[in-house]
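**Student:** sequence unknown, structure follows:
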């Protein structure tokens, strides 16, 4: 009976040593793991965009990218020229339903030289030029659609399982 217990304990220790060895390899060069986490963030961000009704095949969706900064850091980014307005919202509409991190990030709503007040309508509009069709537009803005904020939250929650899966993969 003692031999059986030792045998099971020995197998468990071997498995543990193998997992620790894999973990030490990951920690020596974490770039593959970091990029894996960021790449999964691309999919999550696109899913979040679609929840808000934003076309993931449009400029913004196609701009979502994961890349390595250095051996220890990967970055998940979105540009598309208007990502900040989608993420944080804009104008009076954005001010009424602001992003959770707006103050922390220095975002000010319904401010700036492009805000025009129309006395006859008793409303403020944000005006902008659409370079694609050459027209001018006016808007009250839009509410925050925090697709990257929600991506970060989900990615943090999911990171430990991504790491565990990578360890299992390397331990085979």
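**Tutor:** Great, that's in hand. Only a predicted model underlies this, so the values are computations on that prediction, with no experimental measurement involved.
**Student:** where does this protein dip in pLDDT?
**Tutor:** 1-9, 26-28, 121-122, 170-172 (pLDDT under 70).
**Student:** which residues in it form helices?
**Tutor:** 2-28, 31-51, 59-63, 83-88, 91-96, 147-171 (DSSP state H).
**Student:** Nearest to residue 139 among those helices would be which one?
**Tutor:** Smallest distance to residue 139 across the helices of the chain (CB to CB): 6.4 Å, for helix 91-96. The C-beta positions use only the backbone N, C-alpha and C, and glycine is treated the same way.
**Student:** Counting by contacts, list what that closest one packs against.
**Tutor:** Under the contact criterion of 3 or more CB pairs under 8 Å, 6 or more residues apart in numbering; DSSP states H and E, helix 91-96 touches strand 123-129, strand 141-142.
**Student:** in it, what's buried?
**Tutor:** Under the neighbour-count criterion of 16 or more other CB atoms under 10 Å, helix 91-96 has 91, 92, 93, 94, 95 buried.
**Student:** any chance of the residues you listed in JSON lines, with distance to residue 149 too?
**Tutor:** Compiled in JSON lines, the buried residues of helix 91-96 are given as follows (distance: CB to CB, whole Å):
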{"residue": "91", "distance to residue 149": "19"}
{"residue": "92", "distance to residue 149": "21"}
{"residue": "93", "distance to residue 149": "18"}
{"residue": "94", "distance to residue 149": "14"}
{"residue": "95", "distance to residue 149": "17"}
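**Student:** Please identify which of those is nearest to residue 11.
**Tutor:** residue 94 (58.4 Å).
**Student:** Tell me if I'm right that that closest one and residue 108 touch.
**Tutor:** No: here residue 94 does not reach residue 108: they are 9.8 Å apart, not a contact under CB atoms under 8 Å.
**Student:** No further queries at this time; thank you.
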